[in-house]
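Engineer: just a sequence and a predicted model for now, questions to come.
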Amino acid sequence: MKLQLTKDKTIDVKMPWEKSGGGVPGGRKAGLSDVVGVSLFDGDPRGCPAVRLVRRKGGVQLVAAGFVQSPAVSLPSSWEESKIQPVWELPAVYQAPQAALAVTSQGMFVRQTTIDALTAAPAAPAAAEKKKKLGVRRGGEEKKAEAAKPAAAAPQPFVPVSRDGSRFVTAPMGDEAFVLQTGLPEFQVLWLSRLLPEGRRPTACSLQTCPAALLNSIFRQPAFEADGGTAVAVLVTRTAVYFAGYRKGDLVLFRECPDVAGFDVMRELVKSGLGVGDDIVDSILEDTLIDPRPALEPLVRPVLQQLQLSIDYLAQRHDVHVDKMFLMGLPAGAMYWNQFAQETIGRPFVSPGVFEGIVPPKSAGVVPDMKPNETQAFLAALGAALAAMEVQG
Amino acid sequence: MKAPNLHMNLLREAEKVSSSPVRVRVMLPILALLLCAGCAIWWAILFMRLMLLNGQASQLRTELEGRKSAHAAILAEMGRARDMQAELDQLSAYSKGRRTWGGLLAELADVMPMSVQLTSLSIPEPPAQSLANPANPRLPPLLGPTNTTEAVAFRLTGRTAQAAPVTALLASLEGKQFGDWLVIDKAGAKPSPRVHSFRQEATQSADGKRLLAFDVEFRCPERRFEK
């Protein structure tokens, strides 16, 4: 047993069976064998997508998938709201020992950044702003304040850090100059950590932001593995579109498509452009009877232009020439996205099923009968569960 | 391709809780308390037994202290009793070893011929006894005789004018009436009676006759100093 004084004046107790390194890659603990992934607050009216996975000898097996009833209250947006702590329980089939939560929140952030940006002093501008308001701003004081403020320590990879009211975690990227940073407001993290009660299955062992969970959903795809893990993926959610570039399995690019919303806006565009109701929007996007391309074009064209920029960035910065472009998370309209991609970039998307690469369940009926594109709703839940199964940070 | 490693978990280890209904953080203190309580009870039982035994020991010590004087008196009485018993035993042994000669003298008077004059009747001193240790003769000699028997003899001397009365006297002494006092063993290594001398005396009788002096010793039954 080893006792170590940490930077935050607490004592870190390491038992002999724990490997050294804590959250450092290479010294991390093994993953879980039975876990349920749940996507929370993604706005799906059917409920929260949930996926239960079990590690078997032949790989990862799907035990159950479906929509579970959302928590009774919504995600708190302030410290005051977070004082109301509901208790949430999952149906019996999803009661694995551990749960991995993929959360969609307006306060979340996922960004590709640099270590220098993370270690820069964040409070100095705030202090200067305060003095400006009081009207006591003097020349040179700002610089003095900035100089006096010590730089924040560089966060260790995969170790949660609380700073300025947020909880964030970083992960190294394929390029050493960059790290991926994701986080949530601190009060939301605390609220979510208590959402699943102690002593009942499941309890939260992993809390990830939805985009971070999506990044893991591609790793088990046979088409991704076949190309040696070098590809670019377009991850579509209800509210945003993300680009992810991989080089031999390492993430080298992550960015949110600017000025473009997710497929909720795409639906609105189709509804308003074609004058149809909610119930047939997805049918129109999947059928060829009515051409929704004029309605889709204002959304898809900018995405593809940004995608082209990202592909060029990968080629020039990282010398990564991608052959495959994955389109994931889109519940309907992939066919038209392919047509636009063919026209703009010159090649179509690969849109694999969400559960490809996962051993199907032994018994029928545990997974609802859905079309392959409808299973895209489980992408974040699956990614969260897979991440928790691979490593437990 | 490297194994994917993008588990960006925002939860700290301290925020992860167990799904087991038996919570380790609850059960561990309870088990520790139960263990401590068990140890305390065990220790209390041992302590109580120790206290009880200590009390019994001190009580026994007090009783022994109270009975020491009585014990000393008893030991002294027992010593006295032993001494007295030894004296009694010794007296009893002496009593058993007592030899009465009155009957012999009375019977002797009856068979004594008229022509025989006894000059002495004596019981010779017993021979010196061996002081060698009977268990091991090589050991130092004992301080005194330890055997409980003593050889006894009866010696008579007298005068007569003829040999026949002496012969008649000896024959009379071999009679049954003297069996309690005299041993008749003529063929043994130490014969009894044993004639020490039978000779003519230098002195004459008042009437001028020549006299014969005789000295005869009889072995008697051993004296036995036994209880």
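Structural biologist: Now that the structure is in, tell me what you want to look at.
Engineer: look up which helix or strand A:P298 falls in, please.
Structural biologist: According to DSSP states H and E, A:P298 maps onto helix A:293-317.
Engineer: show the pLDDT at whichever residue of the stretch 1-150 of chain A sits closest to chain B.
Structural biologist: Ranking the residues of the stretch 1-150 of chain A by distance to chain B (CB to the nearest CB) places A:P97 first, at 5.1 Å. Bear in mind the C-beta positions are built from the backbone N, C-alpha and C, glycine included. A:P97 carries a pLDDT value of 92.
Engineer: next up, the contacts around it.
Structural biologist: A:L32, A:D34, A:V35, A:R201, A:P202, A:T203, B:S19, B:S20 (CB atoms under 8 Å, 6 or more residues apart in numbering or on different chains).
Engineer: again, but for A:R111
Structural biologist: So A:R111 contacts A:L180, A:Q181, A:T182, A:F254, A:E256 (CB under 8 Å, 6+ apart).
Engineer: element containing it?
Structural biologist: strand A:109-114.
Engineer: can you check B:N54 too?
Structural biologist: Assigned by DSSP H and E, B:N54 belongs to helix B:24-96.
Engineer: quick one: mean pLDDT over that helix.
Structural biologist: 93.
Engineer: quick check: which helices or strands does it pack against?
Structural biologist: Here helix B:24-96 touches no other helix or strand, going by 3 or more CB pairs under 8 Å, 6 or more residues apart in numbering or on different chains; DSSP states H and E.
Engineer: quick check, central residue of chain B?
Structural biologist: Among the residues of chain B, the one closest to the centroid is B:A86, at 10.4 Å (CA atoms, centre = their mean).
Engineer: longest strand in chain B, please.
Structural biologist: strand B:210-224 (DSSP state E).
Engineer: tell me which residues in that one are buried?
Structural biologist: B:L211, B:L212, B:A213, B:F214, B:D215, B:V216, B:E217, B:F218, B:R219, B:C220, B:E222, B:R223 (16 or more other CB atoms under 10 Å in any protein chain shown).
Engineer: distance to A:G346 added to the contacts of A:P97, as CSV?
Structural biologist: As requested, these are exported to CSV (distance: CB to CB, whole Å):
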residue, distance to A:G346
A:L32, 42
A:D34, 44
A:V35, 40
A:R201, 50
A:P202, 46
A:T203, 48
B:S19, 50
B:S20, 55
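Engineer: now, those that are in helices?
Structural biologist: With helices defined by DSSP state H, no entry of these lies inside them.
Engineer: domain ranges for chain B?
Structural biologist: Per automatic domain parsing, the structural domains of chain B span B:48-96, B:102-224.
Engineer: so which of the ones you listed is the most packed in?
Structural biologist: domain B:102-224 (a mean of 13; mean count of other CB atoms under 10 Å in any protein chain shown).
Engineer: and that domain, end to end?
Structural biologist: End-to-end span of domain B:102-224 (CA to CA, to the nearest Å): 19 Å.
Engineer: check stretch A:232-252 too.
Structural biologist: First-to-last residue span, stretch A:232-252, CA to CA: 10 Å.
Engineer: that older thread, just give me how far the longest strand of chain B sits from the chain centre.
Structural biologist: 37 Å (CA atoms, centre = their mean, to the nearest Å).
Engineer: ok, now stretch B:113-133?
Structural biologist: The answer for stretch B:113-133 is 32 Å, by CA atoms, centre = their mean.
Engineer: alpha carbons only: can I get it in PDB?
Structural biologist: Extracted C-alpha coordinates of stretch B:113-133, given in PDB (Å, rounded to 0.1, in the frame of the first residue of the first chain):
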ATOM      1  CA  PRO B 113      19.000 -84.300  92.900                       C
ATOM      2  CA  MET B 114      19.800 -84.100  96.500                       C
ATOM      3  CA  SER B 115      23.400 -84.900  95.900                       C
ATOM      4  CA  VAL B 116      24.100 -82.100  93.600                       C
ATOM      5  CA  GLN B 117      25.200 -78.600  94.900                       C
ATOM      6  CA  LEU B 118      24.600 -75.800  92.500                       C
ATOM      7  CA  THR B 119      27.200 -73.200  92.700                       C
ATOM      8  CA  SER B 120      25.900 -70.700  90.100                       C
ATOM      9  CA  LEU B 121      23.000 -70.200  87.700                       C
ATOM     10  CA  SER B 122      23.800 -67.500  85.100                       C
ATOM     11  CA  ILE B 123      22.600 -66.100  81.900                       C
ATOM     12  CA  PRO B 124      25.700 -65.200  79.900                       C
ATOM     13  CA  GLU B 125      26.000 -62.000  78.100                       C
ATOM     14  CA  PRO B 126      24.800 -62.300  74.500                       C
ATOM     15  CA  PRO B 127      27.400 -62.400  71.800                       C
ATOM     16  CA  ALA B 128      28.300 -59.100  70.100                       C
ATOM     17  CA  GLN B 129      26.100 -58.500  67.100                       C
ATOM     18  CA  SER B 130      27.300 -57.500  63.700                       C
ATOM     19  CA  LEU B 131      27.000 -53.800  62.800                       C
ATOM     20  CA  ALA B 132      27.500 -54.300  59.100                       C
ATOM     21  CA  ASN B 133      24.800 -52.900  56.900                       C
END
